[in-house]
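[1] Following is a predicted model, sequence given first.
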Amino acid sequence: MGCCNSTVVNAPIEKIWARLRDFHDLSWSPNVVSKVDKVGGLAGTQIGAKRVLNGAFHETLLALDDTEHCIRYSIDDGPAAVAKANVQGYIGEVRLCPVTDANSTLVLWTSRWEHSGGGVAEFCNPVYQALLADLKLTFG
């Protein structure tokens, strides 16, 4: 089970990666993320960093790969379909790939989970689509 959303952003991969790689900084998405609370003492580029988005989504940074331009994180708890009582093993991933003929970037946002009570994709896909739309606006 999973979600897959993508877009092409008209900016070079290095410029986008510089903004996305900090797990605690979602200032590039003001229409979706109104508040990011850092949890614990780890920096947003350290594996194990934790955050709470909009007072509801509890997430942990699992991987940060500067070579592959990839971030992997878990949703540990949240509202509705992503609440820990409804879904287990939720892993999200943001991966950037260069679009070399246009000096732009393909942004692929995927997620998968082991078990759920249902409704996860229906809940998450619009959120990821809105995040990607904000990313395009930021770099457009």
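    Everything's here; your move. Numbering: from 1, shown residues only.
[2] What distance do you get for Gly2 to Thr45?
    Distance, Gly2 to Thr45, using Cβ to Cβ, to the nearest Å: 26 Å. Where you see a C-beta, it was placed from the backbone N, CA and C, and this is true even at glycine.
[3] Find me the pLDDT at His115, would you?
    pLDDT for His115: 87.
[4] do Gln46 as well
    The model reports Gln46 with a pLDDT of 98.
[5] sec struct for it, please.
    Here Gln46 is recorded as coil under DSSP: H, G, I helix; E, B strand; the rest coil.
[6] Could you say which helix or strand holds the residue nearest to it when sequence neighbours are not counted?
    Distances taken as Cβ to Cβ, 6 or more residues apart in numbering place Leu61 nearest to Gln46, at 7.3 Å, with adjacent residues excluded. Secondary-structure assignment from DSSP states H and E places Leu61 in strand 57-65.
[7] In that strand, which residues are buried?
    Going by neighbour count (16 or more other Cβ atoms under 10 Å), the buried part of strand 57-65 is 57-62, 64.
[8] Dump these into JSON lines; add distance to Thr110 and pLDDT as well.
    Below are those laid out as JSON lines (distance: Cβ to Cβ, whole Å; pLDDT from 0 to 100):
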{"residue": "Phe57", "distance to Thr110": "17", "pLDDT": "97"}
{"residue": "His58", "distance to Thr110": "20", "pLDDT": "98"}
{"residue": "Glu59", "distance to Thr110": "15", "pLDDT": "98"}
{"residue": "Thr60", "distance to Thr110": "17", "pLDDT": "98"}
{"residue": "Leu61", "distance to Thr110": "16", "pLDDT": "98"}
{"residue": "Leu62", "distance to Thr110": "14", "pLDDT": "98"}
{"residue": "Leu64", "distance to Thr110": "16", "pLDDT": "98"}
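[9] For this protein, identify the residue most remote from the centre.
    Going by Cα atoms, centre = their mean, the residue of the chain most distant from its centre is Asp101, 25.8 Å out.
[10] pLDDT weak spots in this structure?
    By pLDDT under 70, the chain has no low-scoring segment.
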